[in-house]
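[1] Fold the following and give me the result.
(3 chains)
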Amino acid sequence: MLASEWKRRGALSHFTVVRKLDGGIFPMGLTKEVSERNSKAGATVLALESSERALLNRLMIELNKLDGDILVGHNISGFDLDVLLHRAQASKVPSSMWSKIGRLKRSVMPKLTKGNVLYGSGASPGIMSCIAGRLLCDTYLCSRDLLKEVSYSLTQLAKTQLKKDRKEISPHDIPAMFQTSGALLELVEYGETDAWLSLELMFHLSVLPLTRQLTNISGNLWGKTLQGARAQRVEYLLLHSFHAKKYIVPDKISARNKESSTTKRKLNAGIDGEDADDLNVNDVSLDNGALHIDQGKGKKGPAYSGGLVLEPKKGLYDKYILLLDFNSLYPSIIQEYNICFTTVERSPDGQIPSLPSSKTTGVLPELLRNLVERRRMVKSWLKTASGLKVQQLDIQQQALKLTANSMYGCLGFSNSRFYAKPLAELITLQGREILQSTVDLVQNNLNLEVIYGDTDSIMIYSGLDDIAKAKAIAGKVMQEVNKKYRYLEIDLDGLYKRMLLLKKKKYAAVKVLFKDGTPYEVIERKGLDMVRRDWSLLSKEIGDFCLSQILSGGTCEDVVESIHSSLMEVQEEMRNGAIELEKYVITKSLTKPPEDYPDAKNQPHVQVALRLKQNGYSGCSAGDTVPYIICCQQGTSSGPSSGIAQRARHPEELKRDSGEWMIDIDYYLSQQIHPVVSRLCASIQGTSPARLAECLGLDSSKFQFKTADSVGQDPSTVLLSVIDDDERYRGCEPLQLSCPSCSSTFECPPVSSLLSTSSSGNSLDSQTEKEPDCNFWRRMHCPRCPDDVDGSRISPAMLANQVKRQADNFISLYYKGLMMCDDEMCKYTTCSLNLRVFGDSERGTVCPNYPRCNGHLIRQYTEADLYRQLSYFCHMLDATRCLEKLDQKARLPFEKDFAAIHPAISLATSVIRNIRDRCAFGWVQLKDLTVSV
DNA sequence: ATGTTAGGCAGAAACT
DNA sequence: AGTTTCTGCCTAA
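    Take a look at the predicted model:
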């Protein structure tokens, strides 16, 4: 039906039943209002009942009268049906009544196993059996399959999909709404609205036509398609195909049968005195290739290798990028290489089989070709169709595509009747080889630069500004690649004007699209934090903004400036409360309750702090309370590795030590909230304890809040650099190392001396670039500890950590701006962190060597210089290994990353994770960067 | 009950 | 205490 039809007034009807609350009465004037409504509608749209039992009876009678084919509701399978049946059971509704919910008369209530705690896993078999004869359409489950949303609540979907507002009523407020007739009618309206919304959502998503098409294609049960059951669809499709060709199909092995056959084998083996497990394994793999041994653990790792993902050439690209991908790669491979149960010869030792040589087309390829062909036909009809027909045909072609694409997945599904690991393996292997050979072809023969590729796609950097030329290149590539294959086809999937490539499966781009010949642009984001459901809205908004700036094509200065100012703005807004933190806050128990508090549930709850990741892992939602809060002892140094923060404490324990315990906001923020936000929070802590306490629901007078400021870290104690005698590092303080044993700090000896002592080679060698000696650091002793103290040795890991910290600080300082005297003779270098000394002026100040020098300090280094220095700095200290660690752990954009990436990116992307520490207390002066791209 | 593998990343547990 | 490994989540394809 077209939407206009079912939306017509009177096309659909509804009814509502309300009951009194236990021990209550209906509000005044309600009965009158109800009868008025009913007479106005000409039918009973609103009925009153006096008890729950009567209400359920009434509902069942109405359902029976309607005898609907389909029950529709949002999360109806996970909630509504369950509740209805349980309440029917509890209120002793007779079976003749409750069984009217389905079309099968039943006398005994089936087991309504609450087994699955997982939200949204569908109705249990018992519930499904109750509604036998009717289909169940759960719009919650459907929208999870068909849409990509942050939340699949009815409220959210109504807003984004139907553009309608839905009011959420807390269950807590419902009793109060029974007090007045007006409020109760309002409540009724909300209930009805939910039903309408769910129905509208179903129509909006074309759930019924789509599932019907899918069912028609595969020949399974519609009801199953509505419940998901992708594996079953493919199973039936194959069953029909093979049966038609007079094949005998493999037996269906259910989980229980699998279990019993295993135990039987074990028993037999036991009798024979054989090793049960061994025999079992052999047995299974020999007698049926389709059976396999995944009974290891609940969560199994991958059984075979899948698609190839190319190492991305990270960076910001500002000329056209071509995105080419193979149209439905895996189905095409099956056809191209004639991969089928009937053609591939499987080796008994579980090796990946070789490609079939058979000339006769297998069942599987033929089936797929059929689907593809049908889809092509449907699409061709689509061009000339109009009105409702367009919708129908479009749904049909979608269904055909979905079916073809889900075939491969089921080959690799271990519980599938047609499980065929060798086939799945062979397919992915071909996929990998095809991608690799395509890359080779494009790179070596066509001399183009491939910057990334994933499973079935490649991205080519054209280096061109001209879209027509770029398209021409794409045409050439397509021509060259496609002539190698019969069924496989590579196609231009998109043109990116600019692209930011960060990691595997993480990138964003400005995609150029055409509407009626005129180009327009959209930003495509893949895998980045802001597309993930588990990041705070606030982080996403900030990240999105940064991204739009980076991809705006503006000059570096402008981009940096605008990102910086917007960050400052956010900071300011958080400080003055313009951003409602509460909106972004969810609370969650962070640590598993300790064993020694078994009675945790009955303890007074304390609301736990800010956490900006949404949809927390443990199913907590905003406002939840938990019995533990994170805290540490006053004066104890906290931090990610102090160990304290990972421990939860009971409120009682807190009370006892109330004077000494406190919430460590600093740690808390830095760990539990998005780095940017956390740091912004940290930086506003001077004003925020009260506010934070408010957010936390704590009495601020009872707790002390430790802030980073109050810890009294003086950033100026950090050093700039190490390398003595190096011109570039003049004016820098020496590297400090601290002893793990006595924790005294001492200066790092001159690097030159380190190199000479550690070097066994001659002096000629040491002049050239040489491998740093990692072992050296293990031999280094603390000057204040006796030589035989083990702890006084500095381990590489320790060193790496120290280097990291100092490098971090180095960068922090740098961002404030390195300054150098412009007098050629003086060249005094400093960090403008000491702006307290020099004044916070953009312009250079008089050289501190005055009056010996007449120069002015000017900003000197570019960021590239910084990194050259930094990598040099790290290189001297070792340690490629350290660097790796650093790169991985601290995610500093060292060396290659940095060289490739726009500075604004290292500052802003991944929502600025990379620079969180530098961002920390407003040290970052992005506008000071003088980098060109 | 249930389509696949590859990959990044935060947080917690385990290890030394 | 400091570090590494494991786990869960959610994405890309």
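[2] A:E168 versus A:I174, what's the distance?
    Noted for A:I174: a distance of 12 Å to A:E168, by CB to CB, to the nearest Å. Bear in mind the C-beta positions are built from the backbone N, C-alpha and C, glycine included.
[3] what about the two, which has more around it?
    Neighbour totals were compared for A:I174 and A:E168, and A:I174 leads with 14 against 9 (other CB atoms under 10 Å).
[4] what kind of secondary structure is that one in?
    helix (DSSP: H, G, I helix; E, B strand; the rest coil).
[5] quick one, what contacts it?
    Contacts were defined as CB atoms under 8 Å, 6 or more residues apart in numbering; by that measure A:I174 touches A:L187.
[6] Got the confidence number for it?
    Looking at A:I174, its pLDDT stands at 91.
[7] and stretch A:321-341, which residues are buried?
    Residues of stretch A:321-341 classed as buried by neighbour count (16 or more other CB atoms under 10 Å): A:321-326, A:328-341.
[8] which one is the one residue in chain A that gets nearest to DNA strand B nearest to, not counting chain neighbours?
    Going by CB to the nearest atom of the strand, DNA strand B is nearest to A:G409 of chain A, at 2.1 Å. For A:G409, ignoring the flanking residues on the chain, the nearest one in space by CB to CB, 6 or more residues apart in numbering is A:R230 at 7.3 Å.
[9] Could you do A:F341 as well?
    In space, and not counting its chain neighbours, A:F341 is closest to A:A420: 6.3 Å by CB to CB, 6+ apart.
[10] cool, and A:V72?
    According to CB to CB, 6+ apart, the nearest residue to A:V72 is A:C137 (4.6 Å).
[11] could you point out which element follows the strand or helix carrying the one you found?
    Using DSSP states H and E, A:C137 maps to strand A:135-138. Downstream of strand A:135-138, the first helix or strand assigned by DSSP H and E is helix A:139-146.
[12] Can you give me the buried ones in that following helix?
    Under 16+ other CB under 10 Å, the buried positions of helix A:139-146 are A:T139, A:Y140, A:L141, A:C142, A:S143.
[13] distance of the residue nearest to A:K503 when sequence neighbours are not counted from DNA strand C?
    Nearest residue to A:K503, sequence neighbours excluded (CB to CB, 6+ apart): A:P312, at 6.4 Å. Separation of A:P312 from DNA strand C (CB to the nearest atom of the strand, to the nearest Å) stands at 11 Å.
[14] and what of A:T44?
    Taking CB to the nearest atom of the strand, one finds A:T44 at 43 Å from DNA strand C.
[15] Please list all residues in contact with that residue.
    Contacts of A:T44 by CB under 8 Å, 6+ apart are A:F15, A:N38.
[16] Can you read off the pLDDT for it?
    Per the predicted model, pLDDT is 92 at A:T44.
[17] Over to A:G553?
    86.
[18] who's in contact with it?
    Counting by CB under 8 Å, 6+ apart, A:G553 has contacts A:D318, A:K497, A:R498.
[19] ok, now which ones touch the last one?
    Pointing back at A:R498 there. Contacts of A:R498 by CB under 8 Å, 6+ apart are A:L316, A:Y317, A:D318, A:A509, A:V510, A:L551, A:G553.
[20] so where's chain A uncertain?
    A:114-121, A:254-299, A:534-539, A:556-557, A:560, A:564, A:567-568, A:570-933 (pLDDT under 70).
[21] Domain ranges for it, per the record?
    A:3-205, A:230-287, A:315-527, A:581-711, A:717-928 (automatic domain parsing).
[22] what residues does the stretch 351-500 of chain A put near DNA strand B?
    A:N405, A:S406, A:Y408, A:G409, A:C410, A:G412, A:F413, A:S414, A:N415, A:S416, A:A424, A:T428 (CB under 7 Å from any atom of the strand).
[23] State the distance from the second one to A:S129.
    So the one you mean is A:S406. 27 Å.
[24] Sticking with A:V18, tell me its helix or strand.
    Per DSSP H and E: strand A:16-19 holds A:V18.
[25] that older thread, can you list the residues of the stretch 351-500 of chain A next to DNA strand B in TSV and add secondary structure, neighbour count and distance to DNA strand C?
    Output for these, formatted as TSV (DSSP: H, G, I helix; E, B strand; the rest coil; neighbours: other CB atoms under 10 Å; distance: CB to the nearest atom of the strand, whole Å):
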residue	secondary structure	neighbour count	distance to DNA strand C
A:N405	helix	15	10
A:S406	helix	18	11
A:Y408	helix	23	9
A:G409	helix	14	8
A:C410	helix	22	13
A:G412	coil	19	11
A:F413	coil	20	13
A:S414	coil	14	16
A:N415	coil	14	18
A:S416	coil	20	16
A:A424	helix	21	12
A:T428	helix	23	10
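[26] Mind naming the longest strand for chain A?
    strand A:490-503 (DSSP state E).
[27] unless I'm mixing things up, A:G68 is touching A:R134, no?
    Yes: if you go by CB atoms under 8 Å, A:G68 and A:R134 touch, sitting 6.4 Å apart.
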